[in-house]
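Participant: Output the structure for:
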Amino acid sequence: MGKRATKVDKQVRINELVKLISNGAVTSDLIRFASDHWGVTDRQAENYIRDAREVIIADINQDRSMVVAEMLHISRTVIKKALEKGEYNNALGAMKLITRLGGLESK
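Facilitator: Modelled structure (predicted):
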């Protein structure tokens, strides 16, 4: 039996699985990764995967107003950078997103 992971090790492993899931890895990929890199059993890998998915769900379930605020802020940054580079179509796209997020479009 291998050495038990510390709380820090566990969190690092969960964060790594979150990244892999975000990049399209499926369960079999994740189990193989955990086995190859950390030498854990399939059952332990599935526990890490469950925890990683809970992290993803928590991220998605943020307060709606916070998510909208972040998207608006990022869109404003995109507009600024696009205009600086003369990428007017990108700036217009970000402006359209702000219009939709803010409920400003005409009906």
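
Participant: how is the chain carved up into domains?
Facilitator: For the chain, the domain assignment from automatic domain parsing gives the residue ranges 7-60, 64-101.

Participant: Now tabulate those domains in CSV and tack on mean neighbour count and mean pLDDT.
Facilitator: For the C-beta atoms, the positions are set from N, CA and C on the backbone; glycine is no exception. Formatted as CSV, the domains of the chain follow (neighbours: other C-beta atoms under 10 Å; pLDDT from 0 to 100):
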stretch, mean neighbour count, mean pLDDT
domain 7-60, 14, 96
domain 64-101, 13, 93
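
Participant: which residues sit in contact with the residue nearest to L30 when sequence neighbours are not counted?
Facilitator: Counting by C-beta to C-beta, 6 or more residues apart in numbering, I49 is the residue found nearest to L30 once chain neighbours are left out, at 5.2 Å. Contacts for I49 (C-beta atoms under 8 Å, 6 or more residues apart in numbering) come out as L17, I21, T27, L30, I31, A34.

Participant: how about a cut-off of 7 Å?
Facilitator: When contacts are counted by C-beta atoms under 7 Å, 6 or more residues apart in numbering, I49 is found next to L17, T27, L30.

Participant: Now tabulate the residues you listed in TSV and tack on secondary structure and distance to V68.
Facilitator: Supplementary listing: those in TSV, determined by DSSP: H, G, I helix; E, B strand; the rest coil; distance: C-beta to C-beta, whole Å:
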residue	secondary structure	distance to V68
L17	helix	28
T27	helix	32
L30	helix	31
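
Participant: between those residues, which is nearest I98?
Facilitator: Distance to I98 across those (C-beta to C-beta) is lowest for L17, with 33.8 Å.

Participant: Next up, the contacts around the residue nearest to that closest one when sequence neighbours are not counted.
Facilitator: Across the structure, with C-beta to C-beta, 6+ apart as the measure, the residue nearest L17 apart from its sequence neighbours is A52 (3.7 Å). Taking C-beta under 7 Å, 6+ apart, we find A52 in contact with I14, L17, V18, I21.
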